[in-house]
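> coordinates only, no sequence provided:
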């Protein structure tokens with residue numbers, strides 16, 4: 001049993017019969033994750049106020065189970081082989097392939113309300129289905 005627990009990125013393959021490729025594609029499109037113009041503007045503003053080494057915003061997920069998923073963002077200057085990238089004017093958005101499975105079809109918006117400004121993740125689980133609640137313990141009315 002060698003290489004147990006070690007992930008090796010897939011090697012490029014020939015396109016499938018459907019014309020697409022069955023291997024990981026590092027490109028990210030607005031069909032995968034939409035970032036509204038107001039969110040783009042605020043992210044650009046924030047990233048230009050940080051250290052010069054920071055060139056990207058990493059979108060991440062955490063949690064799961066009965067508490068549901070939590071979505072967030074952090075600055076980064078590191079890019080891994082498992083990241084998908086969405087390029088904007090002056091910055092990049094990075095999402096690793098695991099997080100992308102939960103974010104595919106989502107929208108990131110920036111909302112300004114009286115006394116409150118925040119980023120909002122809309123339509124999470126849009127393509128993967130689910131609500132982020134397991135229903136097994138009865139908290140979601142399922143048990």
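Alright, I've got the coordinates. Here the structure is a predicted model, which means the values were calculated and not measured. Numbers count the residues shown, from 1 in each chain.

> torsion angles phi and psi at the nearest residue to residue 89 once chain neighbours are set aside?
Spatial nearest neighbour of residue 89, excluding adjacent residues (C-beta to C-beta, 6 or more residues apart in numbering): residue 44 at 6.9 Å. Every residue, glycine included, has its C-beta placed from N, CA and C. In this entry, residue 44 is assigned phi and psi values of phi -60, psi -40 (degrees, to the nearest 10).

> can you give me the strands for the chain?
Ranges of strands in the chain, per DSSP state E, are 33-35, 56-63, 69-76, 83-88, 91-96, 106-113, 116-122.

> and the first one, which strands flank it?
Pairing partners of strand 33-35, with direction, according to DSSP bridges: strand 106-113 (parallel).

> other residues contacting the strand it pairs with?
33-36, 38-39, 41-43, 59, 117-126 (C-beta atoms under 8 Å, 6 or more residues apart in numbering).

> buried ones in it?
106-110 (16 or more other C-beta atoms under 10 Å).

> dump those residues to TSV, plus pLDDT and distance to residue 78.
Below are these laid out as TSV (pLDDT from 0 to 100; distance: C-beta to C-beta, whole Å):
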residue	pLDDT	distance to residue 78
106	90	23
107	92	25
108	93	21
109	95	26
110	95	24
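
> contacting residues for the nearest residue to residue 61 once chain neighbours are set aside?
In space, and not counting its chain neighbours, residue 61 is closest to residue 99: 4.7 Å by C-beta to C-beta, 6+ apart. Residues in contact with residue 99, defined by C-beta under 8 Å, 6+ apart, are 59-61.

> any low-confidence regions in this protein?
Where the chain drops to pLDDT under 70, the residues are 1-27, 64-65, 67, 125-143.

> swap the cut-off to 90 and go again
Under the criterion pLDDT under 90, the flagged ranges of the chain are 1-33, 48-55, 61-72, 76-82, 84, 89-90, 97-105, 114-115, 123-143.

> picking that back up, compare the strands of the chain and give me the one nearest residue 50.
Closest approach to residue 50 among those (C-beta to C-beta): strand 69-76, 5.8 Å.

> and the angle for that closest one with strand 83-88?
Following axes from the mean of the first three to the mean of the last three C-alpha atoms, to 10 degrees, one obtains 70 degrees for the angle between strand 69-76 and strand 83-88.
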